[in-house]
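In: Turn this into a model:
(chains A and B)
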Amino acid sequence: MKAKNISGAEAVINALVENGVEVIFGYPGGAVLPLYDALFENKKIKHILVRHEQAAVHAAEGYARSTGKVGCVLVTSGPGATNAITGLTDALMDSIPIVCLSGQVPTHLIGTDAFQEADTTGISRPCTKHNYLVKDANKLCEIIHKSFDIASSGRPGPVLVDLPKDIQLSNVEYINKITKIEKHHKDNFFNIDKDLINKIATLLLQAERPIIYGGGGVINSGPEASKLLTELVNILDCPVTLTLMGLGCVPNTNKNFLGMLGMHGTYEANLAMHNCDVMLNVGARFDDRVTGRLNAFAPNSKKIHIDVDKSSINKVVSVDYGIIGDCKIVLSALVQEVKNLHNQNKIKSKTKWWSQINEWKEKDSLGFKQVGKNIKPQQAIKSLYEKTKNFDTYITTEVGQHQMWAAQYFGFSKPNHWMTSGGLGTMGYGLPSSVGVQIAHPKSLVIDISGEASFLMNMQELSTIVQYKLPVKIFILNNEWMGMVRQWQELNHGSRYSESYTASLPDFVKLAESFGITGLRVDNIKNLETTIDDMINIEGPVIADIRVEKEENCFPMIPSGAAHNEMILSSDDNNKDTSNQGLALV
Amino acid sequence: MSVYQKNEVKEVETSRTLSLVVDNQPGTLARVIGLFSGRGYNIESLNVTEIDKIRNLSRISLVTRGNSMTIEQIKSQLLRIVPVHIVRDLTLEGPFIKSELALVKLVVKGANRVEALRIAETFRARTLDVTLYSFVFELTGKPSKLDAFIDLMRSLGDTEISRTGVSAISRGHKTETKLLDQI
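Out: Predicted structure coming up:
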């Protein structure tokens, strides 16, 4: 079907609609005026005006992570595009599907150092899954369609399309997406090897000390994958631990769930990883936060790795069996095979393994003592969880101690309800991300668990929150320190607190009021719960300034350069000097 | 970049010749090279030219070095690049041919001119340009042969060297036609 000639900008917007875009996060500027003009007429796409382009990408990430759809961003040339770079890198590291449209100076001015010109495809090349500079208007529609396929297929990631202004203004013929979804062939070319599935199922059934370790790939694969993983855990009755990115794919209430693993994971999860005989990694990538010192990582285990991205397998940890494929597809074959074999053979008894794990659990590595009137940050998160667990609650976080406490003490029973910057560790992620989540789920309770320092990094988004009347709750664990920096300085640098104090903080209550929203403050444990109740019950956005114990450290912890079995549970355990190699670690 | 100590791999590093088929479009080469610089891999030789005008495809012949785990990583990472369609490890696949072309300018006077021509003849180099003070030789073959020739020329006078980098292809009757049709 031949459509009538329309402008390039209109074609772009039509292509977005055809690819299912309902919301676009953006900020206008000279090089995208034709696109904004086309949006002005359009009733199908809602544009959310952010206050900084980085926030546009984080908002789109929040939208994408909480819905499973592709997040869409629109920014102008030059500074608009360079501001988006942090967000794009964040999306790349956490494998979040994003399509970012950026304006560009007209094609005849490219390379002349024109006003607001930047080599956007050059700058964004290492921080996108793919990018395009559209130089031929006839290819415009096809490129937009392809961008969505690339962003969402295989291992998802951000795609940037750079759109020179003359292309936006040119006349084009709209071309529909080919109805047959021809996804990128390399991404969809999986052959599930039945023999391999059989071997792995046998291995899992015969293991004496198995563990399953799930990651963000399970979430990315869709809710079905989470169900399958939970089913596998239940059939095998084996312990399961999740990475920061994977929280929620097995409900926290599942009796086999040991909590998060890794640097700030639970004692039982890390010790179980260290002592297992068979490890099944589903959609995680053996990140350095998870493995600790590599030459002491799960030393006596057979390792199985399921990942959609071939390059993740054998990247840092060599595994015995690697399966390339989407978690959902591989898990469904594996669950089926395990069921088949389970009926024929007896499963190895894991009583000994469980009693060992229960022994580790008794250490109560997440234990803390709430004494005196000062609020322990752990208690704040625990109370927040207790008060919100019966709602459909979405949590976003910034980066630092509060993020780890949220991961440790908040319970996630469903996938796609936890948005945090895992790979890149971007402070300032949570607030804009909560904008995207709330836009996608207007009726749900969306809470940004924040630290005062991270909050300051993107607090301009309060203005966005107010403009769109988004009832986001901002739960700031305020300890007046860049807590994680301070903690590392205490543990590794002789308590020399270089530049980690957050001086000159605003009065958060007045700050909230200046935006016309509610601000709450609490500094006494006896008022904590009523403050949380108020925060939830007050209509509209709320900033809750939770003044917490200032020098509380985040434990348990695998110190830099240490292995899983060398965890420390409190500052008193930190009697070993960090090795030089450990000191060099981030 | 994480600097957690990796398991010490005692395995020796070997040279590997990779052959890639990629879309001939702006940015593809930049992505390939960026992958090597960004992830700390080495490129020992690189050669890129269009091989299929209709399908708009280029071949990249690339020589890199690493242990088998690193090479596997390089290959998988290369395949992640959207416009990279085929990644073949010629060293692993079997016998293959490596060839390179060098243009060697030699500024030389007197008796050494005869010597230069004699060496050129021995190497079967072609003489592309002659003046009273200089020659330009063209030589093709294995990189080691080119190295030897260039060393000899350097001992005879002032030289200027231009080399194409290794171009490689597997021996035997197998072709990539089927793989190319899937693109």
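In: So, low pLDDT: which residues of the chain?
Out: Unless you meant another one, I'm taking chain A. A:1-3, A:179-190, A:575 (pLDDT under 70).
In: Switch to chain B, please.
Out: B:1-10.
In: That one: helices as residue ranges?
Out: B:28-38, B:68-80, B:90-93, B:112-122, B:143-156, B:177-181 (DSSP state H).
In: Buried deepest among the ones you listed, which one?
Out: helix B:68-80 (a mean of 19; mean count of other C-beta atoms under 10 Å in any protein chain shown). C-beta: built from backbone N, CA, C; applies to glycine.
In: Show me what that one is packed against.
Out: Judged by 3 or more C-beta pairs under 8 Å, 6 or more residues apart in numbering or on different chains; DSSP states H and E, helix B:68-80 is in contact with strand B:14-23, helix B:28-38, strand B:57-66, strand B:84-89.
In: ok and the shortest one relative to helix B:68-80, angle-wise?
Out: Read that as strand B:84-89. 160 degrees (axes from the mean of the first three to the mean of the last three C-alpha atoms, to 10 degrees).
In: correct me, but residue B:35 touches residue B:29?
Out: No. Checked against C-beta atoms under 8 Å, the pair residue B:35 and residue B:29 is beyond contact range at 10.7 Å.
In: What lies in contact with stretch A:378-388?
Out: A:366, A:368, A:370, A:402, A:405-406, A:408-411, A:445, A:447, A:449, A:475, A:477, A:525, A:528-529, A:532-533, A:536, A:546, A:548, A:552 (C-beta atoms under 8 Å, 6 or more residues apart in numbering or on different chains).
In: Filter the residues you listed down to the ones in helices?
Out: Per DSSP H, the contacts of stretch A:378-388 map to helices at A:402, A:405, A:406, A:408, A:409, A:525, A:528, A:529, A:532, A:533, A:536.
In: Quick check: the last one touching residue A:473?
Out: Yes. Counting by C-beta under 8 Å, residue A:536 touches residue A:473, with 6.9 Å between them.
In: higher neighbour count, the two?
Out: residue A:473 (25 against 18; other C-beta atoms under 10 Å in any protein chain shown).
In: if I look at the more buried one, how far off is residue A:438?
Out: 10 Å (C-beta to C-beta, to the nearest Å).
In: between those two, what contacts are shared?
Out: Contacts common to residue A:473 and residue A:438, judged by C-beta under 8 Å, 6+ apart, are residue A:446.
In: Count the residues that sit near the one residue in the stretch 451-586 of chain A that gets nearest to chain B.
Out: Closest residue of the stretch 451-586 of chain A to chain B, C-beta to the nearest C-beta: residue A:584 (5.5 Å). Counted with other C-beta under 10 Å, residues neighbouring residue A:584 total 12.
In: Next: residue A:92.
Out: 21.
In: tell me the SS of it?
Out: The three-state label given to residue A:92 by DSSP: H, G, I helix; E, B strand; the rest coil is helix.
In: can you check residue A:395 too?
Out: strand.
In: That one pairs with what?
Out: For residue A:395, the beta-bridge partners under DSSP bridges are residue A:418, residue A:447.
In: Report the separation between it and chain B.
Out: Distance of residue A:395 to chain B, computed by C-beta to the nearest C-beta, to the nearest Å: 27 Å.
In: Run through the residues of chain A sitting next to chain B.
Out: A:121-122, A:125-126, A:129-131, A:133, A:150, A:155, A:184-186, A:288, A:291-295, A:309-311, A:313-316, A:318, A:561, A:581, A:584-586 (C-beta under 8 Å from any C-beta of the partner chain).
In: are any of those buried, and which?
Out: A:121, A:125-126, A:129-131, A:133, A:150, A:155, A:184, A:186, A:288, A:291-294, A:309-311, A:313-316, A:561, A:585 (16 or more other C-beta atoms under 10 Å in any protein chain shown).
In: Show me those residues that map onto strands.
Out: A:130, A:131, A:133 (DSSP state E).
In: Report the contact partners of the second one.
Out: I take that to be residue A:131. So residue A:131 contacts A:120, A:121, A:124, A:125, A:159, A:160, A:161, A:162, B:27 (C-beta under 8 Å, 6+ apart).
In: Tell me how far it lies from residue A:55.
Out: 21 Å.
In: go on, the last one?
Out: Between residue A:133 and residue A:55 the distance, using C-beta to C-beta, works out to 24 Å.
In: before we move on, what about residue B:25?
Out: For residue B:25, the distance to residue A:55 - C-beta to C-beta - is 32 Å.
In: ok so, going back, quick one: which of the ones in helices among the contacts of stretch A:378-388 is nearest to residue A:279?
Out: Residue A:279 lies nearest to residue A:408 out of the ones in helices among the contacts of stretch A:378-388, by C-beta to C-beta, at 21.9 Å.
In: which ones are touching that closest one?
Out: Counted by C-beta under 8 Å, 6+ apart, residue A:408 has contacts A:259, A:260, A:264, A:266, A:366, A:378, A:381.
In: And the buried ones among the residues you listed, selectable in ChimeraX?
Out: If you want just the buried ones from the contacts of residue A:408 in ChimeraX, going by 16+ other C-beta under 10 Å, the selection is:
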select /A:259,260,264,266,366,378,381
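In: which non-adjacent residue is nearest residue A:138?
Out: Spatially, and ignoring its direct neighbours in sequence, residue A:138 is nearest to residue A:172 (6.7 Å; C-beta to C-beta, 6 or more residues apart in numbering or on different chains).
In: got it, and residue B:82?
Out: Closest to residue B:82 by C-beta to C-beta, 6+ apart is residue A:130, at 4.1 Å.
In: What's opposite the one you found in the beta bridge?
Out: residue A:159.
In: hang on, it packs against residue A:159?
Out: Yes. With contact defined as C-beta under 8 Å, residue A:130 reaches residue A:159; the gap is 5.2 Å.
In: quick check: angle from the strand ranked longest in chain B to helix B:143-156?
Out: Ranked by number of residues, the top strand in chain B under DSSP E is strand B:96-107. On the basis of the same axes, to 10 degrees, strand B:96-107 is oriented at 10 degrees to helix B:143-156.
In: Give me the buried positions along strand B:96-107.
Out: B:96, B:98, B:99, B:100, B:101, B:102, B:103, B:104, B:105, B:106.
In: That one: partners in the sheet, and parallel or antiparallel?
Out: strand B:134-141 (antiparallel), strand B:158-163 (antiparallel), strand B:167-170 (antiparallel).
In: Which stretches in the stretch 201-350 of chain A count as strands?
Out: Counting by DSSP state E, counting those that start in this stretch, one finds strands in the stretch 201-350 of chain A at the ranges A:210-214, A:240-242, A:257-260, A:278-282, A:302-307, A:321-324.
In: Pull the contacting residues for whatever residue of the stretch 1-150 of chain A ends up closest to chain B.
Out: Of all residues in the stretch 1-150 of chain A, residue A:130 sits closest to chain B, at 4.1 Å by C-beta to the nearest C-beta. Applying C-beta under 8 Å, 6+ apart, we find residue A:130 in contact with A:147, A:150, A:157, A:159, B:81, B:82, B:83.
In: out of the residues you listed, who's nearest residue A:572?
Out: residue A:157 (43.0 Å).
In: Just want the phi and psi numbers for that closest one.
Out: Backbone geometry at residue A:157, expressed as degrees, to the nearest 10, gives phi -180, psi 180.
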